[in-house]
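Novice: what's the 3D shape of this:
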Amino acid sequence: MSESSFLDRTRAGYDSIAPAYAAHFADVLHADPWARALLTAFAEEVADTGPVAEFGSGPGDTTAYLAAHGLPIRGIDLSPAMVDLARRAYPDIRFDEGSMTEPDLADGSLAAVVSWYSLIHIPPAERPGVLGEFHRVLRPGGRLLLGFQAGNEVVRHNEGFGRQIALDFHRLAPDEIAAALETAGFTIDIRFERRAMRPGESTPQAALMATRSS
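Specialist: This is a model prediction of the structure:
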């Protein structure tokens, strides 16, 4: 699968389901104290260090949560429909269209990067390039927070909220992602894993926080 095809399919899928997706997941952070704890700790850790970007910001809820905790954050998403929803829901936060495969950001321009359940759409062959881009846009000592479903399989959804889509969800093995981050020039700071324990979950959940090496 070419880069353009997986990006096109991901963009089209989320454009198609954007309003229903935003409504369905509107309370997901409220229902997950572990996710809130991780995001809050991250916000405190990177406070006052400089600009922050969330890649794969979707309808903007996670970006807004981090902004409410004091971070000067912007959201970047592949889907124009998602960006439009985020702009309307959170008009005081900047949201832009863009891809984590080729972010339109200068080298070392960010103090922190968040990819909260968005790396799951990147095929394995493209993943080192994305982690390399995160490294590029972060300044030395900058922080990266990744959230993802843990596992090894790929789940293809051909239908979502009554719409035909073609979205691939890659479950990610924490050991493999940690090793890939180290190869990309990061030092792992924190590793979090838990079993599926919230309503609607079918897989374990994981998060990694890392620091960009000098």
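Novice: not counting sequence-adjacent ones, nearest residue to the residue of the chain positioned farthest from its centre?
Specialist: Residue distances from the centre of the chain (CA atoms, centre = their mean) peak at Gly162, which lies 24.5 Å from the mean C-alpha position. Nearest residue to Gly162 in three dimensions, chain neighbours excluded: Ala20, at 7.6 Å (CB to CB, 6 or more residues apart in numbering). Every C-beta, even on glycine, is put in place using the N, C-alpha and C of the backbone.
Novice: try Asp189
Specialist: Met209 (4.7 Å).
Novice: elements contacting the helix or strand that neighbour falls within?
Specialist: Met209 belongs to strand 205-212 when elements are defined using DSSP states H and E. Packing partners of strand 205-212 (3 or more CB pairs under 8 Å, 6 or more residues apart in numbering; DSSP states H and E): helix 33-46, strand 138-149, helix 174-183, strand 186-194.
Novice: go with 7 Å
Specialist: If you count contacts as 3 or more CB pairs under 7 Å, 6 or more residues apart in numbering; DSSP states H and E, strand 205-212 packs onto strand 138-149, helix 174-183, strand 186-194.
Novice: one step back: element containing the residue nearest to Gly162, please.
Specialist: helix 3-24.
Novice: okay, the residue farthest from the centre of the chain: pLDDT?
Specialist: pLDDT recorded at Gly162 is 92.
Novice: how about low-confidence regions in this protein?
Specialist: 1-4 (pLDDT under 70).
Novice: chain center to stretch 95-112: distance?
Specialist: 13 Å (CA atoms, centre = their mean, to the nearest Å).
Novice: what's the span of it from first residue to last?
Specialist: 16 Å (CA to CA, to the nearest Å).
Novice: other residues contacting it?
Specialist: 3, 7, 46, 49-53, 55-57, 60, 74-78, 80, 83, 86-87, 115, 118, 126, 129-130, 133, 136-139, 142-143 (CB atoms under 7 Å, 6 or more residues apart in numbering).
Novice: next: stretch 29-36.
Specialist: The contact list for stretch 29-36, computed with CB under 7 Å, 6+ apart, reads Asp61, Thr62, Tyr65, Arg194, Arg198.
Novice: what's the answer for stretch 168-185, then?
Specialist: In contact with stretch 168-185 (CB under 7 Å, 6+ apart) are residues 119-121, 127-128, 131-132, 135, 146, 148-157, 188, 191, 193, 203, 206, 208, 210, 212-213.
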